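>>> Predicted structure and sequence below. I'll ask about it afterward.
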Amino acid sequence: MTKAMLPLLASAMLMVPAVHAQKAPAGDVVRTKLGPVRGETVTEGAATARIFRGIPYAQPPVGDLRWRAPRPASAWTEVRDATKWPNRCPQGQSNMGVSAPISEDCLYLNVVTAAKTGEKRPVMVFYHGGGLTTGTANSTTYNHPKLTSQGVVLVTVATRLGPLGYMAHPALAAEGRGSGNFGTLDIRASLEWVRDNIQAFGGDPRNVTIFGESGGGAKVTSQLASPLSHGLFGRAIVESGSALVSANRVTTREAAEARGLAVAQALNAPAGAAALAAMRSAKWEDVLAAATAAKFTANVVVDGDVIPAPIPEIFAQGRQAKVPLIVGANEGEASLRSDVPDMARLHSAAGAPTWVYSFSQLPLSWRQEKGCVAFHGLELAYVFGAIPQGLVSPTTQGLARGGGCSSRPPQHDAADTRVSEEASRMWAQFARTGDPSAPGLVKWPRYTAADQAFLDIGTPLEVKRGVEAAYVAPPAGASRVPGTPAP
């Protein structure tokens, strides 16, 4: 594996540009509460939608606003050009989102819709993965028009990452809310934007589903656990990102502040409150370098406020948002044996409707390779309907080796197209009704501790029992991209 490939994560999923785009008509302007925006129309196959890129949902967290809770974006009067991808949030160098620069001015979201103002379609808000450290919402997979053709409005969101999103420090705690959880508060701010503005794009602010993969699943879990976000969404989907319900993933305030002090020391910042001024004046590149030197690890922090208690404890006590939930992972991921059933058991025990899946579909070429199993991030191309573009992306090729699959771009067939249609229909049906059993497809039963039902999403769709047994270990010697969960 080359150095250029090392930072790749399942979250990237940036495609070879294959979606055809054209500027929206001059009169096709959506007026948000902050100001008007003009996007463009995209068409892929039979799916057409309007996409609005780079809409601000909070002020740029720069200068004195670094390491502060997000503040509402400023209003504008002229029509804003929403046809270009916004900045990526600060992260290490990689080949993810290379068409967009990196900047702390990155609190933006994208909206994909085929609806008209005044309609009230279900809203699906997606949070990208990347271990809370890297990744981008600027993906032609995540913003593909296919999912919106299922009758939903899609929002994809960027939030602060790494030490700029998840660093705690005693002096930050003294300033007020957010120390260690600025990225978590960004998620909440984006949901407040959805509540206040999505109806202008034809979405229903009272019917919002949040979903995410890998680190994005952790972001979704953080919102389930945070009482500050309850009421801003009504359903949730966690794809390959349920580890926060495990005790070994808990980061206490004390541990987080020790990490933050180590970052400050690596930046040669003075002690005490004076440290913040020095750290806020540093270049973001230097902050990331200091975090690397201090061996900083980003995680959601139990701060007693945004996250009031350890997340496993919140779920065990039934204090999480009791919304309908889909949770699962891919066939070659060991989380099927641990945190996936753990989250399902805890959530269903709290009386919340819960559905579990294992994703086993492989594209034609990999289906024919001995030992190849569905790997971390593979399901995204199918859920968003980005077949074949999502399968031939550099990210998918890099991740394929984690499933013991070749890195060559795979061929696909009618079975892949069908599974993509089925997956996107079930996700949209869940957003619409709170039950993923779409008419004409398999009846997907709820998970209970008694029968432990789950859906194997493959060819064919099949209801089974005991998701732990769905795990298929990748062949010996299979490699994985650093930063993704171990198989």
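Good, I have the coordinates. The shown structure was predicted, so the numbers you read here are calculated from the model rather than taken from an experiment. Numbering: from 1, shown residues only.

>>> Roughly how far does the closest residue to residue 300 other than its chain neighbours sit from residue 416?
Of all residues not flanking residue 300 in the chain, residue 222 sits nearest, at 4.7 Å (Cβ to Cβ, 6 or more residues apart in numbering). For every residue, glycine as well, the C-beta is placed using N, CA and C. Plainly put, residue 222 is 33 Å away from residue 416 if you go by Cβ to Cβ, to the nearest Å.

>>> Comparing the two, which residue is more hemmed in?
Neighbours were tallied for residue 222 and for residue 416 using other Cβ atoms under 10 Å; the higher tally belongs to residue 222 (26 against 22).

>>> Run through the stretch 1-150 of the chain and note the low-pLDDT ranges.
Low-confidence segments of the stretch 1-150 of the chain (pLDDT under 70): 1-27, 94-99.

>>> can you give me the helices for it?
145-148 (DSSP state H, counting those that start in this stretch).

>>> what's the spacing between residue 254 and residue 233?
Following Cβ to Cβ, the distance that separates residue 254 from residue 233 is 30 Å.

>>> These two: which has the busier surroundings?
residue 233 (22 against 10).

>>> Could you list the buried residues of stretch 69-87?
69, 70, 73, 80, 82, 83, 85, 86, 87 (16 or more other Cβ atoms under 10 Å).

>>> which residues are contacting the longest helix along the chain?
The longest helix of the chain (DSSP state H) is helix 414-433. Residues outside helix 414-433 that contact it (Cβ atoms under 8 Å, 6 or more residues apart in numbering): 122-124, 146-147, 150-152, 207, 209, 211, 235, 237, 324, 326, 355, 359, 361, 363-364, 379, 381-385, 387-388, 391, 435-438, 441, 444, 457-459, 461.

>>> So which of those residues are in helices?
Per DSSP H, these map to helices at 146, 147, 364, 379, 381, 382, 383.

>>> just the buried members of those residues?
146, 147, 379, 381, 382, 383.

>>> Report pLDDT for the fourth one.
What it means is residue 381. Confidence at residue 381, expressed as pLDDT, is 97.

>>> which residue packs closest to it, ignoring adjacent ones?
Nearest to residue 381 is residue 390, by Cβ to Cβ, 6+ apart, at 2.6 Å.

>>> how many neighbours does the one you found have?
29.

>>> Same question for residue 256.
26.

>>> same check, this time on residue 459
Neighbour tally, residue 459, other Cβ under 10 Å: 17.

>>> Tell me if I'm right that it and residue 361 touch.
Yes: here residue 459 reaches residue 361: they are 6.3 Å apart, a contact under Cβ atoms under 8 Å.

>>> got the contact list for residue 250?
When contacts are counted by Cβ under 8 Å, 6+ apart, residue 250 touches 302, 310, 311, 312.

>>> Highest neighbour count among these?
Result: residue 311 is most packed of these (other Cβ under 10 Å), 29 neighbours.

>>> one step back: adding distance to residue 188, write the contacts of residue 250 out as JSON lines.
Formatted as JSON lines, the contacts of residue 250 follow (distance: Cβ to Cβ, whole Å):
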{"residue": "302", "distance to residue 188": "17"}
{"residue": "310", "distance to residue 188": "19"}
{"residue": "311", "distance to residue 188": "16"}
{"residue": "312", "distance to residue 188": "21"}
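
>>> mind listing which of those residues are in helices?
Per DSSP H, the contacts of residue 250 map to helices at 311, 312.

>>> how about the contacts of residue 250, which pair is most distant?
Spanning the widest gap among the contacts of residue 250 are 302 and 312, at 10.3 Å by Cβ to Cβ.

>>> Residue 165 versus residue 103, what's the distance?
14 Å.

>>> of these two, who's got more company?
Set residue 103 next to residue 165 and count neighbours by other Cβ under 10 Å: residue 165 wins out with 24 against 14.

>>> quick one, what contacts the more buried one?
With Cβ under 8 Å, 6+ apart, residue 165 has these contacts: 89, 132, 159, 182, 183, 186, 298.

>>> mind listing what the first one touches?
Counting by Cβ under 8 Å, 6+ apart, residue 89 makes contact with 102, 104, 106, 136, 158, 159, 160, 161, 164, 165.

>>> and the nearest residue to it once chain neighbours are set aside, what does it touch?
Of all residues not flanking residue 89 in the chain, residue 106 sits nearest, at 4.0 Å (Cβ to Cβ, 6+ apart). Neighbouring residues of residue 106 by Cβ under 8 Å, 6+ apart: 60, 86, 87, 88, 89, 90, 158, 160.

>>> which stretches of the stretch 1-150 of the chain form strands?
For the stretch 1-150 of the chain, strands defined by DSSP state E, counting those that start in this stretch occupy the ranges 20-23, 30-31, 36-38, 40-44, 47-56, 80-81, 108-113, 121-127.

>>> oh sorry, the question was meant for the stretch 351-487 of the chain
Taking DSSP E, counting those that start in this stretch as the criterion, the stretch 351-487 of the chain carries its strands at 354-359, 453-457, 462-465.

>>> Can you list the helices and strands that the first one packs against?
In terms of contacts (3 or more Cβ pairs under 8 Å, 6 or more residues apart in numbering; DSSP states H and E), strand 354-359 is packed against strand 325-330, helix 339-349, strand 453-457.

>>> Now render the ones you listed as JSON lines, adding distance to residue 289.
Shown next, in JSON lines, are the helices and strands packed on strand 354-359 (distance: least, Cβ to Cβ, whole Å):
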{"stretch": "strand 325-330", "distance to residue 289": "33"}
{"stretch": "helix 339-349", "distance to residue 289": "32"}
{"stretch": "strand 453-457", "distance to residue 289": "41"}
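
>>> could those be laid out in TSV, adding distance to residue 283, mean pLDDT and mean neighbour count?
Supplementary listing: the helices and strands packed on strand 354-359 in TSV, determined by distance: least, Cβ to Cβ, whole Å; pLDDT from 0 to 100; neighbours: other Cβ atoms under 10 Å:
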stretch	distance to residue 283	mean pLDDT	mean neighbour count
strand 325-330	38	98	29
helix 339-349	37	98	24
strand 453-457	44	98	24
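
>>> Between these, which one is closest to residue 477.
Closest of these to residue 477 is strand 325-330, at 19.0 Å (criterion: Cβ to Cβ).

>>> The closest one to helix 339-349, inter-axis angle?
In terms of direction (axes from the mean of the first three to the mean of the last three Cα atoms, to 10 degrees), strand 325-330 departs from helix 339-349 by 170 degrees.
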